[in-house]
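J.: only geometry, no sequence info:
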């Protein structure tokens, strides 16, 4: 079946196919261009190459089991996806999360936001020929992912933020690693500002290319850095404050023209603000006696000692190791029973713990939000990341819908590149930060 | 207070068309008649109400109930910082609704997605095709009667 553009194209124009496997198409997306020389007369986007039936799958999983699927939406900032989903369910259940867990969530989502922006700008700069910038930013991202890895146990597919709180407490060494990541990112941002801000090649490809007015951006449903680059003050963290964002001091950077350069600039400045948030949160996070256990004996020593007698000393276990949850749970998960996975040491050692474990995982049991529906949004890397969940009172969501921010942004691409040159597609598309997992679901 | 006001204003302006209104977990919800979608959406988008942004648009399949489908629109007012959920119920026999592409541009893809996943037809949509699935896909995957592991017949290669 011929596509729309094949039917409507002028007989003398050239049809050029970009993608789905093209080095500059970040995910897999296909753009058909109708060209008159180098100028784009019309274009047509084809999406869905990464469609995996996220919503259908989630409707057939329990509330707890579907969490890993949310990691795979925006795979550069999985923690924010976790957060969006989890907070929607918490809204339905009406749960209050401990303060320490809230701070951890903020820390983690800001780290994710930085890694998201770094990835987007790195790819965008590379496609404009600035390979150095790409390498610098990837380097900074590695340091951020070190923090994430140490805390969650995974670099990308984290599944760390859980209903009721978070999976594990922070590592005792967290502050050192975080400080390193923050310092390295600051350095890289400074270098990148120096490399790109007044770079003629970069400016030529981005200044006044891919302009969008504030009205159009709103009309297209844009949110996040892309909307703010058009000068509209809207950030979910400020408009509908969640967690502890309203207690911290930070600004919302705005652009003026809504072109590619502004989108680049807003993302760069947002990373600065995220670093500010991280630094404040890292200082203010409530410390608890249990958060940093010191003076415990090493696991190997405990095993050696256990051959002679039952060890009674504290054992120095990593906080994200299964079997070390029980005394940490009080600070990082909500107090209601049946929300978090029961601590492993109870499951393995007591019959009540085992029953609790089964009650949590058996189908027909576990987390069951009351009948009703909820929409909740967090500020994702790309903008308003909203979940709409309809519950019928069972342990599976009746309907789960994701409002993917880049869905709305990418849908404006045809409009943005119309009348421009082929070369303009690349930076325009790059500055949008299209993420296939989230767009195609 | 603001929320109550918009519900009241809508009830005053469209006494017949507004079938139900409620506040659910802090969000305003309004259920309207199918024919009223365009006038109500236009009214909400006007400067006085200023719901300038179509946040989201989706559909829910309540299989076994009548009417079976429920369209859910999330509108957002930037100036007043409030969201509104608009619902329209559709029966399976009469599965079409007016398109909002004239009011919001992102409705284009959103409606194509709903058409793709639920088979709802949008009257006045400029280019109503499947969005994620391919041409020749059989059935509507997000309907409740579409089995999770259903297989599709092999497709022919394009010439």
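T.: Looks like it arrived, so ask away. As the structure is a computational prediction, the values presented were derived from the model and not from experiment.

J.: Chain neighbours aside, what residue packs nearest to residue B:91?
T.: Computed as Cβ to Cβ, 6 or more residues apart in numbering or on different chains, the closest residue to residue B:91 that is not its neighbour in sequence is residue B:67, at 4.0 Å. To be clear about C-beta, it is placed using only N, CA and C from the backbone, and glycine gets the same treatment.

J.: Residue A:134 contacts residue A:125, doesn't it?
T.: Yes - shown here, residue A:134 and residue A:125 form a contact pair, counting by Cβ atoms under 8 Å, at 5.9 Å.

J.: Next up, phi/psi of the residue nearest to residue B:91, please.
T.: phi -70, psi 150 (degrees, to the nearest 10).

J.: ok, residue A:134 and residue A:125, which is more surrounded?
T.: residue A:125 (25 against 20; other Cβ atoms under 10 Å in any protein chain shown).

J.: from memory the more buried one sits against residue A:202, does it?
T.: Yes - taking contacts as Cβ under 8 Å, residue A:125 lies within contact range of residue A:202: 7.2 Å.

J.: Mind listing what's buried along the helix or strand of chain B with the lowest mean pLDDT?
T.: Between all helices and strands in chain B, the lowest mean by mean pLDDT, DSSP states H and E belongs to helix B:2-13, at a mean of 72. Within helix B:2-13, the residues that count as buried by 16 or more other Cβ atoms under 10 Å in any protein chain shown are B:6, B:7, B:10.

J.: Okay, now the unreliable bits of chain B?
T.: Chain B contains residues with pLDDT under 70 at B:1-4, B:158-159.

J.: which residues does the residue most central in space within chain B bridge with?
T.: The centroid of chain B falls nearest to residue B:71 when counting by Cα atoms, centre = their mean (3.7 Å). With DSSP bridges as the criterion, residue B:71 is bridged to residue B:59, residue B:88.

J.: Contacts only, for it.
T.: B:57, B:58, B:59, B:87, B:88, B:89, B:90, B:97, B:114, B:120 (Cβ atoms under 8 Å, 6 or more residues apart in numbering or on different chains).

J.: I figured the last one hits residue B:96, correct?
T.: Read it as residue B:120. Yes - counting by Cβ under 8 Å, residue B:120 sits close enough to residue B:96 to count as a contact (6.9 Å).

J.: what is in contact with these two at once?
T.: residue B:90.

J.: ok, these two, which is more surrounded?
T.: More neighbours surround residue B:120 than the other of residue B:120 and residue B:96, with 19 against 11 (other Cβ under 10 Å).

J.: Check the gap between that one and chain A for me.
T.: 14 Å (Cβ to the nearest Cβ, to the nearest Å).

J.: Show me where the stretch 1-150 of chain A has its strands.
T.: With DSSP state E, counting those that start in this stretch as the criterion, the stretch 1-150 of chain A has strands at A:14-18, A:30-36, A:39-46.

J.: Now for residue 67, how many residues are close by?
T.: Since no chain was named, I'll use chain A. 23.

J.: try again with chain B
T.: Residue B:67: 15 surrounding residues under other Cβ under 10 Å.

J.: residues contacting the residue in the stretch 201-350 of chain A positioned nearest to chain B?
T.: Taking Cβ to the nearest Cβ, chain B has its nearest neighbour within the stretch 201-350 of chain A at residue A:221, 3.8 Å off. Going by Cβ under 8 Å, 6+ apart, residue A:221 touches A:408, B:53, B:54, B:55, B:104, B:105, B:106.

J.: What sits closest to residue 132 if chain neighbours are left out?
T.: In the absence of a named chain, this looks at chain A. In space, residue A:132 is closest to residue A:195, 6.5 Å off (Cβ to Cβ, 6+ apart).

J.: I was thinking of chain B, sorry if that wasn't clear
T.: residue A:48 (3.6 Å).

J.: Pretty sure the one you found sits against residue B:137.
T.: No - counting by Cβ under 8 Å, residue A:48 sits too far from residue B:137 to count as a contact (10.1 Å).

J.: any idea how far the closest residue to residue A:336 other than its chain neighbours is from residue A:81?
T.: For residue A:336, ignoring the flanking residues on the chain, the nearest one in space by Cβ to Cβ, 6+ apart is residue A:95 at 6.5 Å. Using Cβ to Cβ, to the nearest Å, residue A:95 is found at 19 Å from residue A:81.

J.: neighbour count winner among the two?
T.: Comparing residue A:95 with residue A:81 by other Cβ under 10 Å, the one with more neighbours is residue A:81, at 31 against 18.

J.: got a list of what the more buried one touches?
T.: Taking Cβ under 8 Å, 6+ apart, we find residue A:81 in contact with A:70, A:71, A:73, A:74, A:380, A:385, A:438.

J.: tell me the contacts of the first one?
T.: What it means is residue A:70. Residues in contact with residue A:70, defined by Cβ under 8 Å, 6+ apart, are A:78, A:81, A:82, A:84, A:85.

J.: mind listing the strands for chain B?
T.: B:18-24, B:27-32, B:53-61, B:69-77, B:82-90, B:96-98, B:121-123 (DSSP state E).

J.: Most tightly packed of those?
T.: Most buried of these by mean neighbour count (mean count of other Cβ atoms under 10 Å in any protein chain shown) is strand B:53-61; its value is a mean of 24.

J.: just the angle between that strand and strand B:82-90, please?
T.: Angle, strand B:53-61 to strand B:82-90, by axes from the mean of the first three to the mean of the last three Cα atoms, to 10 degrees: 40 degrees.

J.: Show me which residues of the stretch 151-300 of chain A are close to chain B?
T.: Within reach of chain B by Cβ under 8 Å from any Cβ of the partner chain, the stretch 151-300 of chain A has these residues: A:216, A:218, A:219, A:220, A:221, A:232, A:234, A:239, A:240.

J.: Which residues does the helix or strand that contains the second one contact?
T.: It stands for residue A:218. Using DSSP states H and E, residue A:218 sits within helix A:214-219. Helix A:214-219 is contacted from outside by A:226-227, A:230-232, A:258, A:412, A:415, B:52-53, B:78, B:104-106, using Cβ under 8 Å, 6+ apart.
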